[in-house]
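>>> Sequence and computational prediction follow.
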Protein chains: 2
Amino acid sequence: MSQFPDQVIDALSIDTVIFGFDGTLKVLLVKHAEGISEGRWALPGGWIKYNEGLDDAAYRILSSLTGVKDIYLKQLQAFGSLDRFPDKRVVTVAYYSLIQPEEYDLIPGFTASDAKWFDLQDAVDLPYDHDQILAHSIQHLRHIVQHEPIGFNLLPERFTLFQLQRLYEAILGITLDKPNFRRKIMKMNLLADCHEKEAGVPYRAAKLYRFDKQIYDQLLEKGFNFEF
Amino acid sequence: MSQFPDQVIDALSIDTVIFGFDGTLKVLLVKHAEGISEGRWALPGGWIKYNEGLDDAAYRILSSLTGVKDIYLKQLQAFGSLDRFPDKRVVTVAYYSLIQPEEYDLIPGFTASDAKWFDLQDAVDLPYDHDQILAHSIQHLRHIVQHEPIGFNLLPERFTLFQLQRLYEAILGITLDKPNFRRKIMKMNLLADCHEKEAGVPYRAAKLYRFDKQIYDQLLEKGFNFEF
């Protein structure tokens, strides 16, 4: 390598879009402690070092800014419009993930003075092209949940059909018809009956289900269409 | 901008994966006229200028190397493993497209001494990480044809079910069961009967179909699952 290995690459950055589901859909933002966007909330992002791969950079940047680690980050795409960054040309590679907020402690650090989950409608007027990256990520997420199974890490091990419906509704941003949803989800054979009901609830207890791991993996491989 | 606008960005390149369908699936490669990979066949690629967007760079590079223009390029993702490029760190943003080879004249230029369509099985031992980018693109293409309608620009306006089946078989790399394919494709209501048959063929003429533009656009929007 002709460059200093620990130096950052000038024209290239990483941005991460971490979605959280805890009944509603949220996104993780950090408050910038320095630089031109000081005091503003933005997607967690930063520079890539010459001696680290893109994925490694994404994990390092996310965890140093927010404390969130040991999650699965997937690359979305690169964003590189001419005016996305002030003063110089910077292309950014966006990564995304979908996690349960309550499973992670937020520990702001590095160039972030704070880290917080925002409801989607409050995550607006972000610096750079982060509004666009977020909008694109939401669109992508809505697309993939209709073709790939989700939920293993977003729901308790045993869950009710209503909990699953709420997850889809939160991601898709729409209200689903209950009988229609149930009919379609049951037709996929993805859910196994736990032969058990909710306990200690103040309403009529609902049946509990779990994902059938084998069918889940098959669907992950083959894809499907979940059309509401 | 602090940089010279027409200068290229040091650590960032574009690579394009242009698939062609003319009965079989092919990929467009260029022969490098200079540099460390001189004489080798590779994916058409090059450097991005400070004053051009990613998409613009992809169109410019593809057309200057191969003469292929006025096609729809879609970004796949960035590839940035540490050892993908010799001597220095270069992250590349990959774009792909699927076109009919006979509709484009190949005009090698810029750093390419030649441009040629290769059968997939012959497009091997490419320089850099081009084997990996190509493999990833094929996988992606096979995934999307099962969820989005294809074919508008790959088949004649009126086509037979056999022609459509051949297109899917070429992309998916498998042989499909004829009655099963027909049943599934007709169920999607995507095809409109032209009430006409092939003319001047030495075998029993088959019925001609065309895509129903309205259904096609609906499916493009909503997605589907084409499971064979």
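Arrived safely, thanks for sending.
>>> Residues touching the lowest-mean-pLDDT helix or strand in chain A, excluding its own?
Sorting the helices and strands of chain A by mean pLDDT, DSSP states H and E puts helix A:213-222 at the bottom, at a mean of 82. The contact list for helix A:213-222 (CB atoms under 8 Å, 6 or more residues apart in numbering or on different chains) reads A:148-149, A:152, A:188-190, B:227. Every residue, glycine included, has its C-beta placed from N, CA and C.
>>> Can you name the residues of chain A sitting close to chain B?
Within reach of chain B by CB under 8 Å from any CB of the partner chain, chain A has these residues: A:1-3, A:9-12, A:48, A:50-54, A:75-82, A:87-89, A:91, A:93, A:143, A:146-147, A:222-225, A:227.
>>> Which among those count as buried?
A:3, A:9-12, A:48, A:50, A:52-54, A:75-80, A:89, A:91, A:93, A:146-147, A:223-225 (16 or more other CB atoms under 10 Å in any protein chain shown).
>>> Identify those among those residues that sit within strands.
Applying DSSP state E to those, the entries found in strands are A:9-12, A:48, A:75-79, A:91, A:93.
>>> Show me what the helix or strand hosting A:Phe118 is packed up against.
According to DSSP states H and E, A:Phe118 maps onto strand A:112-119. Under the contact criterion of 3 or more CB pairs under 8 Å, 6 or more residues apart in numbering or on different chains; DSSP states H and E, strand A:112-119 touches strand A:25-32, helix A:54-66.
>>> Please save the CA atoms from the first one in CSV.
Right, strand A:25-32. Listed next in CSV are the C-alpha coordinates belonging to strand A:25-32 (Å, rounded to 0.1, in the frame of the first residue of the first chain):
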residue,chain,number,x,y,z
LEU,A,25,-40.4,1.5,13.7
LYS,A,26,-37.5,3.8,14.8
VAL,A,27,-34.1,4.9,13.5
LEU,A,28,-30.9,5.4,15.4
LEU,A,29,-29.4,8.9,15.1
VAL,A,30,-26.3,10.5,16.7
LYS,A,31,-25.7,14.1,17.6
HIS,A,32,-22.5,15.5,16.1
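>>> What strands line up against whichever helix or strand comes after it, and which way round?
Going down the chain from strand A:25-32, the next helix or strand is strand A:41-42, by DSSP H and E. Next to strand A:41-42 in the sheet, as set by DSSP bridges, lie strand A:25-32 (antiparallel).
>>> Show residues contacting the partner strand.
Identification of contacts with strand A:25-32 by CB under 8 Å, 6+ apart yields A:16-20, A:38-44, A:65-66, A:68, A:101, A:106, A:108, A:111-120, A:123, A:126-127, A:134, A:170-171, A:173.
>>> angle of that strand against helix A:54-66?
Between strand A:25-32 and helix A:54-66, the angle comes out at 80 degrees (axes from the mean of the first three to the mean of the last three CA atoms, to 10 degrees).
>>> What mean pLDDT does strand A:25-32 get?
For strand A:25-32, mean pLDDT is 96.
>>> For the buried ones among the contacts of strand A:25-32, write the corresponding PyMOL selection.
Listed next is the PyMOL selection for buried residues among the contacts of strand A:25-32, using 16+ other CB under 10 Å:
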select buried, chain A and resi 16+17+18+19+20+40+41+42+43+44+65+66+68+106+108+111+112+115+117+118+120+123+126+127+134+170+171
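>>> Could you point out the longest helix of chain A?
Among the elements of chain A assigned as helix by DSSP state H, the one spanning the most residues is helix A:130-144.
>>> hmm, who's touching the helix or strand that that one is followed by?
Counting by DSSP H and E, the next helix or strand C-terminal to helix A:130-144 is helix A:161-172. Residues from elsewhere that reach helix A:161-172 (CB under 8 Å, 6+ apart): A:21, A:23-25, A:98, A:141-142, A:145, A:150-151, A:154-156, A:175-176, A:178, A:181-182, A:185, A:191, A:206-207, A:209, A:226, A:228.
>>> residues of the least confident helix or strand of chain A that come out buried?
Buried, per 16+ other CB under 10 Å, within helix A:213-222: A:216, A:219.
>>> so where's chain A shaky on pLDDT?
Scanning chain A with the threshold set as pLDDT under 70 gives A:1-3, A:151, A:226-228.
>>> how about a cut-off of 90?
Scanning chain A for pLDDT under 90 picks out the ranges A:1-6, A:10, A:23, A:33-38, A:86-88, A:143-157, A:184-190, A:199-202, A:204, A:212-228.
>>> contacting residues around the nearest residue to A:Gly35 once chain neighbours are set aside?
In this structure, A:Gly35 finds its nearest non-sequential neighbour in A:Thr111, 7.0 Å apart by CB to CB, 6 or more residues apart in numbering or on different chains. By CB under 8 Å, 6+ apart, the contact set of A:Thr111 is A:32-35, A:46, A:65.
>>> Now the two most distant members of the ones in strands among the buried ones among the residues of chain A next to chain B.
Spatially, the most separated pair among these is A:Asp10 and A:Leu76, at 22.2 Å (CB to CB).
>>> Roughly how far does the closest residue to A:Ile36 other than its chain neighbours sit from chain B?
Leaving aside its sequence neighbours, A:Ile36 sits nearest to A:Pro86 (CB to CB, 6+ apart; 6.1 Å). Computed as CB to the nearest CB, to the nearest Å, the A:Pro86 to chain B distance reads 10 Å.
>>> Count the neighbours of A:Ala58 for me.
For A:Ala58, the number of neighbouring residues by other CB atoms under 10 Å in any protein chain shown comes to 26.
>>> A:Tyr95 is in contact with that one, correct?
Yes: the pair A:Ala58 and A:Tyr95 passes the contact test of CB atoms under 8 Å, sitting 4.4 Å apart.
>>> And A:Lys31, how close does it get to A:Val17?
According to CB to CB, to the nearest Å, A:Lys31 stands 17 Å off from A:Val17.
>>> ok, now A:Arg40?
Going from A:Arg40 to A:Val17 by CB to CB gives 17 Å.
>>> Find residues that contact each of A:Ala58 and A:Tyr95.
In contact with both A:Ala58 and A:Tyr95: A:14, A:16, A:73, A:75, using CB under 8 Å, 6+ apart.
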